[in-house]
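S.K.: below is the sequence, then the predicted model.
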Amino acid sequence: MPQHREPQISLPQPGKLSHDASHRRPRQDILGTIIEARNGFSKANRRIADAILAHPHRFVELPIEELAVWLGVSAPTITRLARTLGCDGLKDLKLKIMGSVRIGIHYLEPATPPASIEEVAERVSKRAQKIIDDISHKIDLDQAARAIERITGCRTLYAFGSGGVSSWLIEEIQNRFFRFGIRVVPCSDHQMQLMLAATVDRDDVVLCCSLTGSNPELERAVSVAREYGATTVALAPNNSDLAEAVDDLLAVDSPPDEDIFSPSTMRYAYLIAIDIIAYGVAIARKDTGREKLRRIRQQLAAMREKPDVQPLCD
């Protein structure tokens, strides 16, 4: 009888990943690689590394002959360092430097930091005031009115968001809306968002927060929620992927922060948008919201010796 042979499985060889596998592989942070390896370099290689970190644009723009003159090293030394860093050659090294510079130029060439604590306080307050003033004039009130109408009549409000700012913005949404008698379910975990989206009803609202508007996992949860009939609303930038995925958008557009050390001012813009919706919902729910607020106030006053110090809305 012929012998049964197990099928042979071909494993990809190192450096020869399939297109799909190489697409999934994270891009090399070449600047991070250089910074980490620098202290172990020879004197000549340290000179090249320092030039890349201090003048990345010039390093990329100069041909190898001029690089050798500028750095005082031989052309083969530059090529060898490129290969030591895991690149195919100087051209590959330059491409990776260009990619890293596009992402992190502000970290390589940061703005002049404030010279005193007074200047720190002034910069923080002025930036906050500017973003609040900008969003107050730019926000689309018709979009806000639609979001208020949706949330006012919903059975359950699901608040979805992930990331550094969005994950706590959804907690703020819970903090704002539960006190009006609305059941709020916040979630920052992508898989849980997907599962919750599969349980929604037609009188539920899914409110999503995203500072970039680019979040494929969140967009998938939105798609599932819409499939089961829930209304989806987003606080996100105009013309973003998330903005296109939801039923209603309350656009929050603000320029990115240029100072890498300053806390993001964009969060103020989102807080203003949330507060506008929350205030509108409170007014729209009238007696229901007023009674829930009264109960909260009653219980807080009963447990405090100075009840008047608590803000009426909290």
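M.R.: Yep, that arrived.

S.K.: same question for the helix ranked longest in the chain, mean pLDDT?
M.R.: In the chain, taking DSSP state H as the definition, the longest helix is helix 266-302. For helix 266-302, mean pLDDT is 88.

S.K.: buried residues, that helix. List them.
M.R.: By neighbour count on 16 or more other Cβ atoms under 10 Å, the buried set for helix 266-302 is 266-274, 276-278, 280-282, 284-285, 289, 292-293, 297. Where you see a C-beta, it was placed from the backbone N, CA and C, and this is true even at glycine.

S.K.: do stretch 41-57 as well
M.R.: Phe41, Ala44, Asn45, Arg47, Ile48, Ala49, Ala51, Ile52, Pro56.

S.K.: mind giving me the domain ranges of the chain?
M.R.: Following automatic domain parsing, one finds the domains of the chain at 24-108, 139-307.

S.K.: looks to me like Ser262 is in a strand.
M.R.: No: applying DSSP: H, G, I helix; E, B strand; the rest coil, one finds Ser262 to be coil, outside a strand.

S.K.: so it makes contact with Ser125?
M.R.: No: with contact defined as Cβ atoms under 8 Å, Ser262 does not count as touching Ser125 (11.4 Å).

S.K.: give me the more crowded residue out of the two.
M.R.: In this view Ser262 and Ser125 are compared by other Cβ atoms under 10 Å, and Ser262 has more residues nearby, 15 against 10.

S.K.: which residues touch the more buried one?
M.R.: Residues in contact with Ser262, defined by Cβ atoms under 8 Å, 6 or more residues apart in numbering, are Arg123, Val124, Arg127.

S.K.: surely the last one is in contact with Arg267?
M.R.: By that I understand Arg127. No: Arg127 is not in contact with Arg267 according to Cβ under 8 Å; the separation is 11.3 Å.

S.K.: show me where pLDDT drops low in the stretch 151-300 of the chain?
M.R.: Filtered on pLDDT under 70, the stretch 151-300 of the chain yields the residue ranges 256-258, 260.

S.K.: quick one: Tyr158 is in a helix?
M.R.: No: per three-state DSSP, Tyr158 lies outside any helix segment and is strand.

S.K.: what is the neighbour count of it?
M.R.: Tyr158, neighbours per other Cβ under 10 Å, totals 26.

S.K.: that one contacts Cys187, correct?
M.R.: Yes: in this structure, Tyr158 is within contact of Cys187 by Cβ under 8 Å, at 7.0 Å.

S.K.: tell me, what's touching these two both at once?
M.R.: Common contact partners of Tyr158 and Cys187 (Cβ under 8 Å, 6+ apart): Leu196.

S.K.: so where do the helices sit in the protein?
M.R.: Ranges of helices within the chain are 19-24, 30-37, 43-54, 56-61, 64-71, 75-84, 90-108, 117-138, 141-152, 166-177, 190-197, 216-227, 241-245, 266-302, based on DSSP H.

S.K.: I'd like those as a markdown table, with distance to Val205 appended.
M.R.: Below are those laid out as a markdown table (distance: least, Cβ to Cβ, whole Å):
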| stretch | distance to Val205 |
| --- | --- |
| helix 19-24 | 34 |
| helix 30-37 | 42 |
| helix 43-54 | 49 |
| helix 56-61 | 47 |
| helix 64-71 | 58 |
| helix 75-84 | 54 |
| helix 90-108 | 35 |
| helix 117-138 | 22 |
| helix 141-152 | 5 |
| helix 166-177 | 10 |
| helix 190-197 | 12 |
| helix 216-227 | 9 |
| helix 241-245 | 15 |
| helix 266-302 | 11 |
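
S.K.: for Ala234, find the nearest of those.
M.R.: Nearest to Ala234, of all these, is helix 241-245, at 5.1 Å by Cβ to Cβ.

S.K.: residues contacting that closest one, please?
M.R.: By Cβ under 8 Å, 6+ apart, helix 241-245 touches 208, 210, 213-216, 218-219, 222-223, 232, 234, 236-237, 249, 251.

S.K.: please repeat the previous calculation with a cut-off of 7 Å.
M.R.: With Cβ atoms under 7 Å, 6 or more residues apart in numbering as the test, helix 241-245 has contacts from 208, 210, 213-215, 218-219, 222-223, 234, 236-237, 249, 251.

S.K.: just stretch 148-160 next, same as before
M.R.: Under the criterion Cβ under 7 Å, 6+ apart, residues 170, 173-174, 177, 182-187, 193, 196, 200-201, 203-208, 218, 221, 231, 233, 248, 277, 280-281, 284-285 lie in contact with stretch 148-160.

S.K.: quick one, which of those residues are buried?
M.R.: Listed as buried from the contacts of stretch 148-160 are 170, 173-174, 177, 182, 184-187, 193, 196, 200, 204-208, 218, 221, 231, 233, 248, 277, 280-281, 284-285; burial here means 16+ other Cβ under 10 Å.

S.K.: export the domains of the chain to TSV and tack on distance to Pro114?
M.R.: Below are those laid out as TSV (distance: least, Cβ to Cβ, whole Å):
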stretch	distance to Pro114
domain 24-108	16
domain 139-307	9
